[in-house]
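Visitor: I need the structure of the sequence given here:
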Amino acid sequence: MPKMSLISDALVLAQAGSAAPAPGGGILQVLPILLIFGAMYFFMIAPQRKKQKEHEKMLTTLQSGDEVVTTGGIYGTITNVKADRFVIRVSDTTKLEVGKGFISTVVKRDDAALTDQK
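Guide: Residues are numbered from 1 along each chain as shown. This is a model prediction of the structure:
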């Protein structure tokens, strides 16, 4: 049994002696992690935020008469704009209320509304 103790003590002493940090090694160890987070921001987070701002701007400019597509793939024309949702006409007899966040793209803007704004 004493042999195991001597061997383990020798291993602990050997590891403790080799654990001395190199001068200036602290900043060099953190630098790759910072570079990875920087790359993630510029390649993933920043473009997503830009896309989200464009979508919010598109939602604020929608008016009655604009033809839109929902995230579910339903095409319709906006007939009424409410505080938190749009009423879209899907066919002559069918109207749906859709949350503002579920409008994905604008197919065609109402030309009369565009000339009124200019």
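
Visitor: Please enumerate the strands of this protein.
Guide: Applying DSSP state E to the chain gives strands spanning 67-70, 75-81, 85-89, 95-99, 103-108.

Visitor: Redo those as a markdown table? Include mean pLDDT.
Guide: As requested, these are exported to a markdown table (pLDDT from 0 to 100):
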| stretch | mean pLDDT |
| --- | --- |
| strand 67-70 | 95 |
| strand 75-81 | 94 |
| strand 85-89 | 94 |
| strand 95-99 | 95 |
| strand 103-108 | 91 |
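
Visitor: closest one to residue 41 among those?
Guide: Of all the strands of the chain, the one in closest proximity to residue 41, counting by Cβ to Cβ, is strand 103-108 (25.9 Å). To be clear about C-beta, it is placed using only N, CA and C from the backbone, and glycine gets the same treatment.

Visitor: still on that earlier bit, figure out which of the strands of the chain is closest to residue 49.
Guide: Proximity to residue 49 (Cβ to Cβ) singles out strand 103-108 among these, at 18.0 Å.

Visitor: who does the closest one touch, helix- and strand-wise?
Guide: Secondary-structure packing of strand 103-108 (3 or more Cβ pairs under 8 Å, 6 or more residues apart in numbering; DSSP states H and E): helix 46-61, strand 67-70.

Visitor: which helices and strands sit right next to the shortest one?
Guide: Going back to what we said before, that points to strand 67-70. Here strand 67-70 touches strand 75-81, strand 85-89, strand 103-108, going by 3+ Cβ pairs under 8 Å, 6+ apart.

Visitor: What residues of it count as buried?
Guide: 67-68, 70 (16 or more other Cβ atoms under 10 Å).

Visitor: ok, the residue nearest to residue 72 when sequence neighbours are not counted to residue 76 distance?
Guide: Nearest non-adjacent residue to residue 72, counting by Cβ to Cβ, 6 or more residues apart in numbering: residue 102, 7.2 Å away. Per Cβ to Cβ, to the nearest Å, residue 102 is found 11 Å from residue 76.
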